[in-house]
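J.: Here is my input, please return the structure:
(one chain, ligands or ions: 1)
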Amino acid sequence: MVEKILVVEDEVSLRETLAYNLERQGYEVEAVGDGTVALEAARRIQPDLIVLDIMLPGLDGFDVTRILRKEMNLPILMLTAKDEEIDRVLGLELGADDYMTKPFSMREFLARVKAVLRRVRLIREEADTQAPPVADMLEFGDLEIDQSRHEVRLKDEALALKPKEYDLLLFFARHRGQVLSRSLILERVWGWDFSGGTRTVDVHVRWLRSKIEPDSSNPVRIVTVRGAGYRFEG
Ligand code: CA
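T.: Below is the predicted model of the structure:
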């Protein structure tokens, strides 16, 4: 089945470049340059993914996201132009599945698109083929988080995690595949009143890695995204 992608970008040359390259990858693409038109197009074609610029004429990317999230379960890859926007993207409760900051390379863009679609496909397949999972249990290969018992197991062995390490891992697990900034992590895991600074996050990530990574000097579960934060790969 050909996957459909809706590209929403008001810069004509970028829009055409994105659409052209996605089509060459075999996706079915519709490209529009306005937030209001994007809503209409999304409802009509029910795309598998929307690539959504934030600064748009008509409704902006945040408005479009808010409205679409109420209507359909649609993966969103947001395009941001400014650092200030990133905090808002990450702060959205029902926010983007991923985001990219301009300028980006076409190769990186296509890789992200593929990754988001793959993730969505796996989630769907899992939902289709498996019995409903026990809600309290999160599994990532040989790593299991048992929320009802507040226990983390690696290769069936219970790990001794400090409470904050557990909270941090759970936060990562619930946002698998998303880039999470240090300040967002700090806010959500430690809370607003915490004064320790974002170094606290780095320290706890290091501790967690030493417990859950096969090789903590080459982490594969919690990866560092340079200049942005961390991403939990599972
Ligand atoms: Ca724009």
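J.: Leaving out the residues flanking it, which one is nearest to Lys102?
T.: Once flanking residues are discounted, Lys102 sits nearest to Ala81: 5.0 Å by Cβ to Cβ, 6 or more residues apart in numbering. Glycine gets a C-beta too; all of them are placed from N, C-alpha and C.
J.: Quick check: the gap between that neighbour and the ion.
T.: Distance from Ala81 to the ion, counting by Cβ to the ion, to the nearest Å: 7 Å.
J.: Please apply the same query to Arg112.
T.: 18 Å.
J.: again with Ser210
T.: Distance from Ser210 to the ion, by Cβ to the ion: 42 Å.
J.: could you list every residue that touches that residue?
T.: Ser216 (Cβ atoms under 8 Å, 6 or more residues apart in numbering).
J.: and if we set it to 10 Å?
T.: Ser216, Ser217, Pro219 (Cβ atoms under 10 Å, 6 or more residues apart in numbering).
J.: Just to be sure, it is in a strand?
T.: No: with DSSP: H, G, I helix; E, B strand; the rest coil as the criterion, Ser210 is helix rather than part of a strand.
J.: Enumerate the residues of the protein near the ion.
T.: Asp10, Asp53, Met55 (Cβ under 5 Å from the ion).
J.: Of those residues, which is the most crowded?
T.: Highest neighbour count within these: Asp53, with 24 neighbours (other Cβ atoms under 10 Å).
J.: Now do it against Arg24, distance only.
T.: 21 Å (Cβ to Cβ, to the nearest Å).
J.: Also Gly229?
T.: 31 Å.
J.: same thing with Arg44?
T.: With Cβ to Cβ as the criterion, Arg44 and Arg24 are 24 Å apart.
J.: Glu40 now?
T.: The value you get for Glu40 to Arg24, if Cβ to Cβ is used, is 26 Å.
J.: pretty sure Asp98 is in contact with Val179, am I right?
T.: Yes: contact criterion Cβ atoms under 10 Å: Asp98 and Val179 qualify, at 7.1 Å.
J.: Find the residues that touch each one of these two.
T.: Val89, Arg231.
J.: right, and the helix or strand after whichever strand or helix holds Tyr20?
T.: Here Tyr20 sits within helix 12-24, counting by DSSP states H and E. Counting by DSSP H and E, the next helix or strand C-terminal to helix 12-24 is strand 28-32.
J.: helices and strands around that next one, which ones?
T.: strand 4-8, helix 12-24, helix 35-45, strand 49-53 (3 or more Cβ pairs under 10 Å, 6 or more residues apart in numbering; DSSP states H and E).
J.: would you list those in a markdown table and tack on mean pLDDT?
T.: Formatted as a markdown table, the helices and strands packed on strand 28-32 follow (pLDDT from 0 to 100):
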| stretch | mean pLDDT |
| --- | --- |
| strand 4-8 | 97 |
| helix 12-24 | 97 |
| helix 35-45 | 95 |
| strand 49-53 | 95 |
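J.: what would those look like in CSV with distance to Leu161?
T.: Below are the helices and strands packed on strand 28-32 laid out as CSV (distance: least, Cβ to Cβ, whole Å):
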stretch, distance to Leu161
strand 4-8, 40
helix 12-24, 42
helix 35-45, 41
strand 49-53, 35
